[in-house]
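Chemist: Predicted model and sequence below, questions to follow.
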Amino acid sequence: MVAEKTKKEAVNPILGCIADDFTGASDMASFLRKGGLNTIQINGVPDETIDIDTDVDAIVIALKTRTCDKQVAINESLRSLSWLQEKKCHRFYFKYCSTFDSTETGNIGPVIDALMDAISCSQTLVCPALPVNGRTVYNGHLFVHGELLNRSPMADHPLTPMKDSDLSVLLNQQVAPEFRGTCGHIRYPELSHLDTQTQVPPARYIIADALDTEHLRILANYFATHADFPLLTGGSGLAEFLGQAYRQKAWLNKTSAAMKETRLPSPVLIIAGSCSKATQGQVAHIKSSIPSLNVDPNALVSGEQDATSIEQWLSEQQSKSVILYSTDKPENVSANQEKLGQAHAAEIIEHALAAAARYAAKSGQFRNIIVAGGETSGAVVSALNIKRFVIGESVAPGVPLMRAQTVYGDLQLALKSGNFGDFDFFSSTMEAMTL
Ligand SMILES: Nc1ncnc2c1ncn2[C@@H]1O[C@H](COP(=O)(O)OP(=O)(O)OP(=O)(O)O)[C@@H](O)[C@H]1O
Ligand SMILES: O=C(O)[C@@H](O)C(=O)CO
């Protein structure tokens with residue numbers, strides 16, 4: 001049964017999204033905007049001080065719950081859901097990574113279960129596919145640029161090494177014991193007649209194949225307003241088509257308000273904490289044209305490098321655009337993790353990069369900041385105490401320019417998911433964001 005709403009009945013905002021990391025949130029927000037929804041991003045669990053404009057169609061809440069303690073992830077997601085329900089959202093989306101990024105002990109299954117329980121729904125969609133960035137699902141297996149997930153560079157991820165690519169296996173490891181084995185599939189040959197001959201399987205978690213954007217359009221048209229599916233889950237691939245589907249159903253009564261000014265004066269500070277293959281190439285490329293500083297966890301531990309020395313280096317660069325990076329090859333990352341502990345290595349790097357971002361904004365030297373990596377972005381946005389972003393144009397699929405009013409003034413940020421963007425992402429984004 002498809003719930004029909006007339007334009008008169010429409011209530012804004014429609015869609016409330018909960019994302020498990022910060023770049024994932026801005027990725028989702030960029031595609032919702034592309035689909036015609038006036039979208040804002042709120043960072044962290046919103047409290048009563050956060051208000052929203054009346055013309056907002058979609059709200060994306062950015063959490064940092066991908067790798068945190070399970071109970072914290074559940075609690076923050078449920079508190080976010082309550083807030084979205086208070087704001088009268090009536091459709092919900094749990095956004096996780098298009099490469100799943102969640103191990104056996106990960107939080108995707110537990111958070112899905114908790115949200116389903118709170119929304120009282122018995123089925124949900126599981127759709128990580130993002131074909132525009134090379135993530136496809138075929139026969140329930142996740143592929144990255146044509147390679148099985150566990151044979152892609154994601155197998156070496158510093159925090160969430162992906163050792164399987166069968167989505168039902170990955171999910172079954174995580175969900176509550178009583179729901180194990182309750183995955184169903186919509187396989188790609190069935191997609192072309194979804195809604196006519198194909199019955200959606202009566203499974204709790206419905207894993208959808210999607211090989212191209214047309215498949216996502218079909219899925220979005222079916223699931224966007226389906227009464228039995230108030231909660232959908234997956235990557236950002238569906239977002240553009242969900243937006244279009246809501247618009248077709250006349251669920252929107254406002255025209256999308258674009259962010260007006262998208263450029264600020266140079267310079268740009270680039271912060272790369274991602275060690276993904278894409279970021280490694282992008283860092284290597286930009287290092288040949290702007291000053292760079294390697295933020296090294298071993299040097300931070302030994303005291304050879306600290307917040308003061310990084311600040312000193314930044315101030316010496318005066319009005320130049322620069323990059324700070326901890327990006328390294330998988331073997332060096334593993335060595336650091338063995339020596340310092342995985343969580344400790346991540347923490348000291350994130351802390352140093354976030355402190356540098358705060359100094360850069362506070363000193364007024366930089367008003368534009370590009371960050372590579374979801375965890376790193378979460379640390380930077382928290383250090384800048386940015387509560388909300390207005391979403392602007394995308395500079396690459398899944399990477400929007402975003403504006404925030406902060407205690408340090410008007411800032412512009414671009415948060416890049418680790419594996420997103422072409423080799424020249426940093427230079428093209430610097431050009432797009434500055435006067
Ligand atoms: N040289 C290094 N040694 C050990 N750990 C590192 C090093 N450089 C970065 N890290 C840590 O690895 C993690 C990278 O995660 P992050 O989410 O920022 O990037 P990503 O996983 O590539 O991006 P995304 O989550 O958007 O896909 C961070 O916690 C970071 O602090
Ligand atoms: O879905 C993706 O690939 C990204 O938005 C992401 O979540 C990476 O952190």
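Modeler: Perfect, thanks for sending it. Since the model is a prediction, treat every value here as computed from it, not as a measurement. Ligands and ions are numbered 1, 2, ... in the order given.

Chemist: Need the three-state assignment for Leu324.
Modeler: Under DSSP: H, G, I helix; E, B strand; the rest coil, the three-state class of Leu324 is strand.

Chemist: From ligand 1, how far off is it?
Modeler: Relative to ligand 1, Leu324 is positioned 11 Å away (criterion: CB to the nearest ligand atom, to the nearest Å). No exception for glycine: its C-beta is placed from N, CA and C like everyone else's.

Chemist: Ile108 too?
Modeler: 13 Å.

Chemist: need the contact list for that residue.
Modeler: Applying CB atoms under 8 Å, 6 or more residues apart in numbering to Ile108 gives the contacts Asp20, Tyr96, Phe100, Ser102, Leu170, Leu171, Gln174, Thr233.

Chemist: Now it: closest residue in space, sequence neighbours ignored.
Modeler: Using CB to CB, 6 or more residues apart in numbering and skipping the chain neighbours, the partner closest in space to Ile108 is Ser102 (4.6 Å).

Chemist: That neighbour: what's it in contact with?
Modeler: Neighbour list for Ser102: Arg66, Tyr96, Ile108, Thr160, Leu170, Gln174 [criterion: CB under 8 Å, 6+ apart].

Chemist: That one belongs to a strand?
Modeler: No: if the criterion is three-state DSSP, then Ser102 is coil and not within a strand.

Chemist: Can you check the pLDDT for it?
Modeler: Model confidence at Ser102, given as pLDDT, is 93.

Chemist: what does Thr255 give?
Modeler: Predicted confidence (pLDDT) for Thr255: 51.

Chemist: before we move on, what about the one 5 residues further on?
Modeler: Looking at Lys260, its pLDDT stands at 59.

Chemist: Quickly find the element holding the closest residue to ligand 2 within the stretch 1-150 of the chain.
Modeler: Nearest to ligand 2 in the stretch 1-150 of the chain, going by CB to the nearest ligand atom, is Gly24, at a distance of 3.0 Å. Under the assignment given by DSSP states H and E, the secondary-structure element containing Gly24 is helix 22-34.

Chemist: separation between the residue nearest to Ile108 and Leu242?
Modeler: 22 Å (CB to CB, to the nearest Å).

Chemist: gap between the residue of the stretch 1-150 of the chain closest to ligand 2 and Gln248?
Modeler: Gly24 is 26 Å from Gln248, by CB to CB.

Chemist: These two: which has the busier surroundings?
Modeler: Neighbours around Gly24 and Gln248, counted as other CB atoms under 10 Å, are more numerous at Gly24. The numbers are 28 against 13.

Chemist: Assumed His185 was part of a strand.
Modeler: Yes: judged by three-state DSSP, His185 forms part of a strand.

Chemist: burial count for it?
Modeler: Residues within reach of His185, counting by other CB under 10 Å, total 19.

Chemist: What is the subsequent helix or strand relative to the top helix by length along the chain?
Modeler: When the chain is scanned for its longest helix (criterion: DSSP state H), the result is helix 342-362. Along the chain past helix 342-362, the next helix or strand (assigned with DSSP H and E) turns out to be strand 368-372.

Chemist: now that next one and helix 342-362, what's the angle there?
Modeler: Following axes from the mean of the first three to the mean of the last three CA atoms, to 10 degrees, one obtains 170 degrees for the angle between strand 368-372 and helix 342-362.

Chemist: Which neighbouring elements make contact with strand 368-372?
Modeler: On a contact count with 3 or more CB pairs under 8 Å, 6 or more residues apart in numbering; DSSP states H and E, strand 368-372 meets strand 268-272, helix 277-287, helix 342-362, helix 374-383, strand 409-416, helix 425-433.

Chemist: try it again with 6 Å
Modeler: Secondary-structure packing of strand 368-372 (3 or more CB pairs under 6 Å, 6 or more residues apart in numbering; DSSP states H and E): strand 268-272, strand 409-416.

Chemist: List just the one of these that sits closest to ligand 1.
Modeler: Proximity to ligand 1, assessed across those by CB to the nearest ligand atom, is greatest for strand 409-416 (7.3 Å).

Chemist: quick check, distance from the closest one to the centre of its chain.
Modeler: When C-alpha coordinates are averaged (CA atoms, centre = their mean, to the nearest Å), strand 409-416 and its chain have centres 15 Å apart.
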